[in-house]
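Asks: Sharing a model prediction with you, sequence too.
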Amino acid sequence: LAKKICSGCGKKEMKGCCKTQHKFIKLEDNHKPSAVDFAFQSPVQIIQSPFNHINVALSSVSDRMAFNNHYPPLIPQQDINLLHCVFRI
């Protein structure tokens, strides 16, 4: 009384039990790379100035700003005792 046992699940072999199916699927080999092409163009317009010259007679000396320079003069090499604030008394 030998019973046939399924090698896949270990139960009594029945019709349609543990079928092994093989499927062969072929994929296309022509893959296209994803590409993003942005072409930004900024609007360009040539603006012409209505006045091409400067009238010097309109500006006077009093209209110009006076440059006030009130900081101490630059010393090229300052003494090291003044640099580190060390004073001998």
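Replies: Yes, it's here. No experiment lies behind these values; they were computed from the predicted model shown. Numbers count the residues shown, from 1 in each chain.
Asks: What count of nearby residues applies to residue 36?
Replies: A count of nearby residues for residue 36, using other CB atoms under 10 Å, gives 4. The C-beta positions use only the backbone N, C-alpha and C, and glycine is treated the same way.
Asks: Tell me the confidence at it?
Replies: Residue 36 is assigned 70 on the pLDDT scale.
Asks: how near is it to residue 72?
Replies: 60 Å (CB to CB, to the nearest Å).
Asks: Repeat that for residue 80.
Replies: With CB to CB as the criterion, residue 80 and residue 72 are 18 Å apart.
Asks: These two: which is more packed in?
Replies: Using other CB under 10 Å as the criterion, residue 80 and residue 72 rank with residue 80 on top: 8 against 5.
Asks: residues near residue 46, how many?
Replies: Residue 46 has 4 neighbours, counted by other CB under 10 Å.
Asks: Mind telling me what element it is part of?
Replies: In this structure, residue 46 sits in neither a helix nor a strand according to DSSP states H and E.
Asks: How about residue 18?
Replies: Using DSSP H and E, residue 18 maps to neither a helix nor a strand.
Asks: where's it relative to residue 24, distance?
Replies: On the measure of CB to CB, residue 18 and residue 24 end up 21 Å apart.
Asks: which of the two has more neighbours?
Replies: Using other CB under 10 Å, the more surrounded residue of residue 18 and residue 24 is residue 18, with 12 against 4.
Asks: isn't that one right up against residue 9?
Replies: Yes - counting by CB atoms under 8 Å, residue 18 touches residue 9, with 5.3 Å between them.
Asks: mind listing the strands for the chain?
Replies: Counting by DSSP state E, no segments of the chain form strands.
Asks: Report the contact partners of residue 9.
Replies: Contact partners of residue 9, counting by CB atoms under 8 Å, 6 or more residues apart in numbering, are 17-18.
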